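S.K.: return atomic coordinates for the entry below.
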Amino acid sequence: MVQSNLNSSMENSTHQTIAFVPWGNVIEDYLDSINISLEKFCTDMTGGWLFGYIEALKRVGIQTILVCISVQVITPTRRLHPPTGATIFLLPVSKSYRQIRRRMVYAYGSSVKQVFGEVPRLYYGFFALLRQLSPYLTTPLNTLAQQLKQEGCQAILCQEYEYPRFDACILLGKMLKIPVFASFQGGDFQIWELEQWIRPLTIGDCAGLIIASQTEIERVKSCYRIPDRKIAQIFNPLDLNDWTGGDRQQTRLDLGIAPDAEVVVYHGRIERYRKGLDILLDAWQEICNTRPNRPLQLLLVGTGNDAEWLRIAIAQKSLTNIVWIDQFILDRTLMANYLSAADIYCLPSRHEGFPVAPLEAMASSLPIVTTDVPGVADILEGKEESGGIIVPKENSAALAKAIGDLLDNPGLRREWGQRARNRIKTAFSLEAVGQQLQAFLGRQKNK
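M.R.: Got it, this is the predicted structure:
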């Protein structure tokens, strides 16, 4: 049981420090998928949930220690993240997991074969056990405990609660007698069977959950019977100063896009299924076929595991009016310039937690066309009143119609773009979110 006086110290202390622990077995699993080095992550990466939270908490006087488990370090390594001033601790993954990882094909597979490939029948049970235990072995608890004690951390915040590292952090919180919180960024499923037995216990022991999506709040309450006092609906924050746009005409010139082009943009990871990029290409083909004489342009910004698939798909569909920047953009000013070159933003996803990309587009005064994935109903409260429209996912015809309607009505898309910017100002600013986080993290008592 977490002692209530620790929570009181968070309320009253002038030096409040929270440890952030991201999702994933090791940080490289995420960075490799977007082709970003560990060095670039430590020195240049900004935005997203992680650094958005860091910036928001900084506005209300709370210091954050970002803890990343890595296969590239052999001793605990302290780094400074220049854009935010936050401390990053790179901790070596546990020796046991490092050994297991050498045998792995894909660490997040849902079967023994997906994780380890073909294994001898005689040893199948052994590898099945390793698959279940491996994600629980990634976190070096003793090393992490030492670092958190040295830094005087008063709480732990995990990126996802539906993940074994959250369970490990609950144990760590008991060891250190500090509260453990977690947020929701898309993890609403369990990969390992062991989780179904452990997770109800750790959810019950946590100090609180931060969930932006009302749909996810209802799921968690139904699955885990967690009391309302342990849940806070707090949106992901955004620094509006980063999304004021740039020189629209110069950016179009740099990208080879005509000044009079009608531009639809998507930015984010290149993942065929999760991000629905196959649906977007089908919709785009339909839009172009029904408007053959219009200067239409699709701008794609991002990279990911399905970059080669996207390259092939564009060629097979003979889509020549697509500009694709095949890289993860670290520079928010540059990303804001790209968004400023567009007229409409599209999020065609099949699955999201609480997406940040459409928030950036809305802050850039772009109207939004999005599928009905978790989080977007909360972002576009009032739908058109917040500057966007929601269509059924996996429906390329509905997506094409919604985008086409905005392409055909320049006045409407400008009006919706202004509404979108106003929505971000009122509900997603760093100051507003920082104050909500401070209040929730400070008042929770694990009774």
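
S.K.: tell me which helix or strand comes right after whichever strand or helix holds Ala361.
M.R.: Assigned by DSSP states H and E, Ala361 belongs to helix 357-363. Next along the chain after helix 357-363, taking DSSP H and E as the criterion, comes strand 368-371.

S.K.: remind me what that next one packs against, helices and strands.
M.R.: strand 344-347, helix 357-363, strand 388-391, helix 396-407 (3 or more C-beta pairs under 8 Å, 6 or more residues apart in numbering; DSSP states H and E). (Glycine included, C-beta is placed from N, CA and C.)

S.K.: can you give me the buried ones in the longest one?
M.R.: Residues 396, 398-404, 406-407 are the ones in helix 396-407 that count as buried (16 or more other C-beta atoms under 10 Å).

S.K.: the helix holding Ala361 packs against which elements?
M.R.: strand 262-267, helix 332-340, strand 344-347, strand 368-371, helix 376-379, helix 410-427.

S.K.: who touches it?
M.R.: For helix 357-363, the external contacting residues (C-beta atoms under 8 Å, 6 or more residues apart in numbering) are 47, 236, 238, 240, 242-243, 265, 267-268, 335-336, 339, 342, 345, 347, 368, 370, 376, 379, 386-388, 420-421, 423-424, 428.

S.K.: likewise stretch 177-184?
M.R.: Everything outside stretch 177-184 that qualifies as a contact, by C-beta under 8 Å, 6+ apart, is 2-3, 6-7, 49, 53, 148, 153-161, 166, 169-170, 172-173, 205-213, 216, 220, 353-354, 441, 444, 446.

S.K.: what about it, distance to the chain center?
M.R.: Relative to its chain's centre, stretch 177-184 lies at 18 Å (C-alpha atoms, centre = their mean, to the nearest Å).

S.K.: same thing with stretch 283-291?
M.R.: 30 Å.

S.K.: Gln147: what secondary structure?
M.R.: Per DSSP: H, G, I helix; E, B strand; the rest coil, the local secondary structure of Gln147 is helix.

S.K.: need the pLDDT of it.
M.R.: In this model, Gln147 is scored at 93, pLDDT.

S.K.: with Thr14 instead?
M.R.: So, for Thr14, pLDDT stands at 45.

S.K.: how about Asn446?
M.R.: 41.

S.K.: need the contact list for Leu280.
M.R.: With C-beta under 8 Å, 6+ apart, Leu280 has these contacts: 266, 298, 346, 348, 396, 399.

S.K.: and the residues you listed as JSON lines, adding pLDDT and distance to Phe127?
M.R.: Putting the contacts of Leu280 into JSON lines (pLDDT from 0 to 100; distance: C-beta to C-beta, whole Å) gives the following:
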{"residue": "Tyr266", "pLDDT": "98", "distance to Phe127": "39"}
{"residue": "Leu298", "pLDDT": "98", "distance to Phe127": "44"}
{"residue": "Cys346", "pLDDT": "98", "distance to Phe127": "42"}
{"residue": "Pro348", "pLDDT": "98", "distance to Phe127": "37"}
{"residue": "Ser396", "pLDDT": "97", "distance to Phe127": "40"}
{"residue": "Leu399", "pLDDT": "98", "distance to Phe127": "42"}
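
S.K.: out of these, who's nearest Leu330?
M.R.: Tyr266 (18.1 Å; C-beta to C-beta).

S.K.: domains of the protein?
M.R.: With domains defined by automatic domain parsing, the chain comprises 4-94+138-237+430-443, 243-427.

S.K.: and the contacts of Leu280, which is closest to Asp282?
M.R.: Ser396 (3.8 Å).

S.K.: where does this structure dip in pLDDT?
M.R.: Across the chain, the ranges flagged by pLDDT under 70 are 1-15, 444-447.

S.K.: how much space separates the residue lying farthest from the centre of it from Arg79?
M.R.: Distance to the chain centre peaks in the chain at Leu122, reaching 40.3 Å (criterion: C-alpha atoms, centre = their mean). Leu122 sits 45 Å away from Arg79 when distances are taken as C-beta to C-beta, to the nearest Å.

S.K.: how about Gln297?
M.R.: Distance from Gln297 to Arg79, by C-beta to C-beta: 40 Å.

S.K.: looking at these two, which one has more neighbours?
M.R.: Gln297 (21 against 18; other C-beta atoms under 10 Å).

S.K.: tell me the SS of the more buried one?
M.R.: strand.

S.K.: that one is in contact with Asp260, isn't it?
M.R.: No: counting by C-beta atoms under 8 Å, Gln297 does not reach Asp260; the two are 10.2 Å apart.

S.K.: so which residues of the stretch 151-300 of the chain form helices?
M.R.: 164-176, 195-205, 214-224, 248-255, 277-290 (DSSP state H, counting those that start in this stretch).

S.K.: please identify which of the ones you listed is closest to Ser364.
M.R.: Nearest of the helices of the stretch 151-300 of the chain (C-beta to C-beta): helix 248-255, 10.5 Å.

S.K.: contacts for the closest one?
M.R.: Contacts for helix 248-255 (C-beta under 8 Å, 6+ apart): 258-259, 261, 263, 299, 323, 325, 337-338, 340-341.

S.K.: number of residues surrounding Asp228?
M.R.: Asp228: 8 neighbours (other C-beta under 10 Å).

S.K.: which ones are touching it?
M.R.: Lys221.

S.K.: how near is the closest residue to Tyr136 other than its chain neighbours to Asn305?
M.R.: Spatially, and ignoring its direct neighbours in sequence, Tyr136 is nearest to Pro164 (4.9 Å; C-beta to C-beta, 6 or more residues apart in numbering). Note on Pro164: its distance to Asn305, by C-beta to C-beta, is 22 Å.

S.K.: checking the residue farthest from the centre of the chain next. Helix, strand or coil?
M.R.: helix.

S.K.: against Trp309, how distant is it?
M.R.: 37 Å.
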